[in-house]
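In: Give me a 3D structure for the following:
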Amino acid sequence: MKKHFTFFLFIYFLFSIHVDAQECTQRYREKVFTEVGLDGNISFGQWIAPQGGIRPLRYDVYYPKNDTATLRPLVILWHGGAYMDMFTKESPDIVMMAKDLARMGYVAISPDYRGIRDAMDFFNDGGLIREVAGSAIDANKAVCHILEQIEENGNPYRINKDEIFAGGVSGGAVTGLHALLVPSVDALGAQNAAWAREVDNGVIDEIIDNKFCGHQNAIKGFINISGAILDTSIIEKVPISFLNIHGTGDQIVMFDYGKPLGGLTAAPPLYGSKRVHDKLLSLGMHSEALFTPGLGHVPFMNLDLGSILKYGLGLINMDEYNKTLNLMGNFLFNQITCEKKEVTPTGIRPENSVELNIYPNPVNNSFEIKMPENRVWHLQIMDIAGKTIQQNNFNGYNYIQNVEQLANGVYVIKIISPIESDKIFIGKMIKQ
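Out: Below is the predicted model of the structure:
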């Protein structure tokens with residue numbers, strides 16, 4: 001136990017920076033709480049089913065027990081399930097993710113949204129467009145209710161309203177991408193806009209024009225797991241960061257572009273995570289990506305034959321899930337404003353060091369670095385204990401380092417000039 005605690009402290013101390021705000025150590029990217037509280041079925045609205053009847057909308061709140069923090073970041077998680085009514089906010093992957101985020105110190109909320117009650121909607125040209133519009137309306141209601149609780153009802157879960165993130169899996173990611181990135185109903189095209197306006201007496205226009213009840217920028221970052229959007233050309237630059245996770249072999253929601261659900265429904269073709277990521281980068285937005293070669297729909301779940309044959313009949317592939325959770329933790333942690341104190345218990349990071357940018361990161365086979373001057377550089381790769389694993393010299397501004405043979409884990413990359421040791425460049429590299 002002492003060894004694990006020391007490891008967590010070392011990772012924090014080594015790679016943190018100073019910001020004037022509340023202090024956070026390994027919290028927010030490591031599981032530091034053991035007990036999770038749950039307040040379930042909090043009502044935030046309702047919807048009227050096409051077949052008649054009023055259906056309630058509720059969300060569940062997960063939080064770290066015995067937490068003394070005054071304010072905590074929030075992560076809203078929308079579940080998947082192809083918009084079928086049988087899938088709920090209690091989807092096992094969402095529950096597991098919400099509990100783990102609570103153990104990391106976040107508040108996590110899993111909301112309902114409406115689903116298909118008539119299977120024939122899958123074969124109706126406008127059926128799934130209406131479902132996406134309805135789910136986006138419900139997502140807006142959930143965020144509005146959460147903000148109302150924060151601002152007008154005593155903030156019972158001590159949520160920092162400036163640190164609200166969201167994420168979705170599959171259909172939940174589709175819901176989130178459309179709720180966040182559609183600038184107007186008309187941007188969807190005439191026919192799609194007409195179908196969307198059939199939902200709830202055309203309220204979709206008001207929802208988009210007054211997003212999140214006037215809090216247009218309420219969501220600071222979004223985690224897109226196997227999601228897609230109707231058309232990337234409608235995306236405009238917004239102050240939101242994105243993390244995109246997708247398997248390249250996905251046949252349910254295409255990684256690149258194509259009709260969802262194997263083309264067996266009337267659903268239109270969608271632009272998958274690759275196209276979304278590329279578009280966000282082209283707009284100068286912050287977008288990170290993990291596209292896993294060969295894996296299918298929702299990489300950490302065994303939902304396709306290839307994954308079942310490779311990983312067995314268990315629903316969750318824990319190796320991929322833990323990789324996803326680590327990425328989420330790093331993505332969220334890097335955007336949270338808190339005091340990440342820097343000390344140097346091992347001397348690996350001296351006072352004159354400069355942060356080194358490594359791309360991509362996490363790394364599969366190789367990473368690229370760009371140096372400020374054209375000179376001879378000495379590169380060291382060290383493990384977290386400070387032991388040198390690889391080292392070599394290179395010339396110039398740009399360099400690509402192969403790390404295919406390294407075991408998965410966290411490494412320190414250190415670069416100096418052996419001729420003029422005036423600057424030391426240090427960065428963290430995650431090998432996966």
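In: Now the strand of greatest length in the chain: average pLDDT?
Out: In the chain, taking DSSP state E as the definition, the longest strand is strand 366-382. Averaging pLDDT along strand 366-382 yields 87.
In: Residues contacting that strand from elsewhere in the structure, which ones?
Out: With contact meaning CB atoms under 8 Å, 6 or more residues apart in numbering, strand 366-382 is reached by 348, 356-361, 388-404, 406, 411-420, 425, 429. Backbone N, C-alpha and C define where each C-beta goes, glycine included.
In: Quick check: PyMOL command selecting the buried ones in these.
Out: To isolate the buried ones among the contacts of strand 366-382 in PyMOL, judged by 16 or more other CB atoms under 10 Å, type:
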select buried, resi 348+356+358+361+399+401+403+406+411+412+413+414+415+416+417+425+429
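In: Now do the helices in this protein.
Out: Assigned by DSSP state H, the chain shows helices spanning 2-15, 92-103, 127-152, 171-181, 190-196, 204-209, 273-282, 305-311, 318-333.
In: out of those helices, nearest to residue 51?
Out: helix 127-152 (13.5 Å; CB to CB).
In: Give the other helices and strands that the closest one contacts.
Out: If contacts are counted by 3 or more CB pairs under 8 Å, 6 or more residues apart in numbering; DSSP states H and E, helix 127-152 sits against strand 36-48, strand 54-64, strand 72-78, strand 107-111, strand 159-169, helix 171-181, helix 190-196, helix 204-209.
In: Now, the contacts of strand 366-382 that are in strands?
Out: Reading strands off the contacts of strand 366-382 with DSSP E, I get 388-402, 411-416, 425, 429.
In: Just the pLDDT at residue 287, thanks.
Out: As predicted, residue 287 sits at a pLDDT of 94.
In: Just want the most central residue of this protein.
Out: Note on the chain: the residue nearest the mean C-alpha position is residue 223, at 2.1 Å, using CA atoms, centre = their mean.
In: That residue touches residue 165, doesn't it?
Out: Yes - the pair residue 223 and residue 165 passes the contact test of CB atoms under 8 Å, sitting 7.2 Å apart.
In: Residues that sit against both of those two, list them.
Out: Taking CB under 8 Å, 6+ apart as the contact rule, residue 223 and residue 165 both touch residue 75.
In: picking that back up, the residue nearest to the centre of the chain: what's it in contact with?
Out: By CB under 8 Å, 6+ apart, the contact set of residue 223 is 75, 165-168, 242-243, 245, 328, 331.
In: Excluding sequence neighbours, find me the nearest residue to it.
Out: Excluding the flanking residues, the one nearest residue 223 by CB to CB, 6 or more residues apart in numbering is residue 167, at 3.2 Å.
In: So that neighbour sits against residue 77, correct?
Out: Yes - assessed by CB under 8 Å, residue 167 is found in contact with residue 77 at 5.4 Å.
In: picking that back up, out of the helices and strands packed on helix 127-152, which is closest to residue 229?
Out: Residue 229 lies closest to helix 171-181 among these, at 4.8 Å (CB to CB).
In: what's in contact with that closest one?
Out: Applying CB under 8 Å, 6+ apart, the contact partners of helix 171-181 are 77-83, 87, 94, 113, 132, 135-136, 139-140, 166-168, 211, 219, 222, 224-230, 234-236, 238, 240, 253, 270, 276.
In: Could you identify the buried members of the residues you listed?
Out: For the contacts of helix 171-181, a burial check counting by 16+ other CB under 10 Å picks out 77-83, 87, 94, 113, 132, 135-136, 139-140, 166-168, 211, 219, 222, 224-230, 234-235, 238, 240, 253, 270, 276.
In: Give me the number of neighbouring residues for residue 161.
Out: Using other CB atoms under 10 Å, the number of residues around residue 161 comes to 14.
In: Look up how far residue 217 lies from it.
Out: 11 Å (CB to CB, to the nearest Å).
In: Residue 276 now?
Out: From residue 276 over to residue 217 the distance is 19 Å, taken as CB to CB.
In: buried set for the longest strand of the chain?
Out: Within strand 366-382, the residues that count as buried by 16+ other CB under 10 Å are 367, 369, 371, 377, 379-382.
In: Can you pick out the most distant pair from these?
Out: Largest separation among the buried residues of strand 366-382 by CB to CB: 371 and 382, giving 18.5 Å.
In: Pull up the gap between the residue nearest to the centre of the chain and residue 107, please.
Out: Taken as CB to CB, the span from residue 223 to residue 107 is 15 Å.
In: repeat for residue 150
Out: On the measure of CB to CB, residue 150 and residue 107 end up 11 Å apart.
In: Those two: which is more packed in?
Out: Between residue 150 and residue 107, counting by other CB under 10 Å, residue 107 is the more crowded of the two (27 against 20).
In: Show me what the more buried one is bridged to.
Out: When assigned by DSSP bridges, residue 107 has beta-bridge partners residue 74.
In: Over to residue 45?
Out: residue 57.
In: Pretty sure residue 143 is one of the things it touches, is it not?
Out: No - taking contacts as CB under 8 Å, residue 45 lies outside contact range of residue 143: 11.0 Å.
In: Which one of the two is surrounded by more residues?
Out: Using other CB under 10 Å as the criterion, residue 45 and residue 143 rank with residue 143 on top: 23 against 18.
In: Was I right to think the more buried one contacts residue 74?
Out: No - counting by CB under 8 Å, residue 143 stays clear of residue 74, with 10.0 Å between them.
In: shared neighbours, these two?
Out: residue 164.
In: Tell me how far residue 158 lies from residue 333.
Out: 19 Å.
In: between those two, who's got more neighbours?
Out: Neighbour count, other CB under 10 Å: between residue 158 and residue 333, residue 333 has more, with 22 against 16.
In: Do I have it right that that one meets residue 26?
Out: No - at 9.4 Å, residue 333 does not count as touching residue 26 under the criterion of CB under 8 Å.
In: Please enumerate the shared neighbours of these two.
Out: With CB under 8 Å, 6+ apart, residue 333 and residue 26 have no common neighbours.
In: Could you list the domains of the protein?
Out: 17-333, 353-431 (automatic domain parsing).
In: averaging pLDDT over each of those, which comes out lowest?
Out: Among those, domain 353-431 carries the lowest mean pLDDT, at a mean of 83.
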